[in-house]
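Peer 1: Got a sequence here, can you build the structure:
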Amino acid sequence: MIHRKINIGRWEFDFLFAPDGYDTEEALTYLYYADAPDHILQRAYHVLEDNIDNTGFTYTNSDSMQGVVVIGPSSSGDEFVNTLAHEVHHAAVAVAESIGVELVSESPAYINGDTLQSLFGVICDLGCGKCGKRKKTKRSA
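Peer 2: Numbers count the residues shown, from 1 in each chain. Below you'll find the model as predicted:
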């Protein structure tokens, strides 16, 4: 999986991208260190093991201001971007709610934009819809 750690305000998020299939153990490790409760770990395990294209999930812990976003394999570039935008929205809502920001204000939109901008390189590598192919990307921390 490809890992990117980014800060959104005072929150720290681990973004995990699995273009060629989930690494269940790695993803569960990040969730464990974000203090995900057992029921979340069990649900995540089943999502990861199913390894279905165009899926992802987000876990946020408002007490520790940590989050884990996992983006699974995609059938196309546009599906990758769709899944990523969906999961980034969940992250933005958690951040906005933790600081008392109205969800209909501009702030969550800026959170979304800043997050996606921070992930631009991964988006370009994995979401290339122009050529219709996914590029292979090296792992990095």
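
Peer 1: Strands along this protein, start to end?
Peer 2: In the chain, the segments counted as strands under DSSP state E are 2-8, 11-17, 56-61, 66-71.

Peer 1: For residue 40, find the nearest of the ones you listed.
Peer 2: strand 56-61 (5.8 Å; CB to CB). Yep, even glycine has a C-beta here, placed from its N, CA and C like the rest.

Peer 1: returning to what we had before: of all the strands of the chain, which lies closest to residue 83?
Peer 2: strand 56-61 (4.8 Å).

Peer 1: for the record, mean pLDDT for that closest one?
Peer 2: Across strand 56-61, pLDDT averages out at 96.

Peer 1: what's the answer for stretch 23-41, then?
Peer 2: The average pLDDT for stretch 23-41 rounds to 96.

Peer 1: can you pull the buried residues of that stretch?
Peer 2: Across stretch 23-41, burial judged by 16 or more other CB atoms under 10 Å covers 24, 27, 28, 30, 31, 34, 36, 40.

Peer 1: try stretch 73-84
Peer 2: Those would be 73, 74, 76, 77, 79, 80, 81, 83, 84, for stretch 73-84 by 16+ other CB under 10 Å.

Peer 1: Could you list the low-pLDDT ranges of the protein?
Peer 2: Within the chain, the ranges that satisfy pLDDT under 70 run 128-141.

Peer 1: list the contacts for the residue nearest to the spatial centre of the chain?
Peer 2: Geometric centre of the chain, nearest residue: residue 69, 2.7 Å, by CA atoms, centre = their mean. Taking CB atoms under 8 Å, 6 or more residues apart in numbering, we find residue 69 in contact with 13, 14, 15, 16, 56, 57, 58, 87, 88, 90, 91.

Peer 1: Kindly provide the distance from residue 49 to residue 59.
Peer 2: 17 Å (CB to CB, to the nearest Å).

Peer 1: And for residue 107?
Peer 2: Counting by CB to CB, the gap from residue 107 to residue 59 is 22 Å.

Peer 1: and what of residue 81?
Peer 2: 21 Å.

Peer 1: Repeat that for residue 123.
Peer 2: Taking CB to CB, one finds residue 123 at 21 Å from residue 59.
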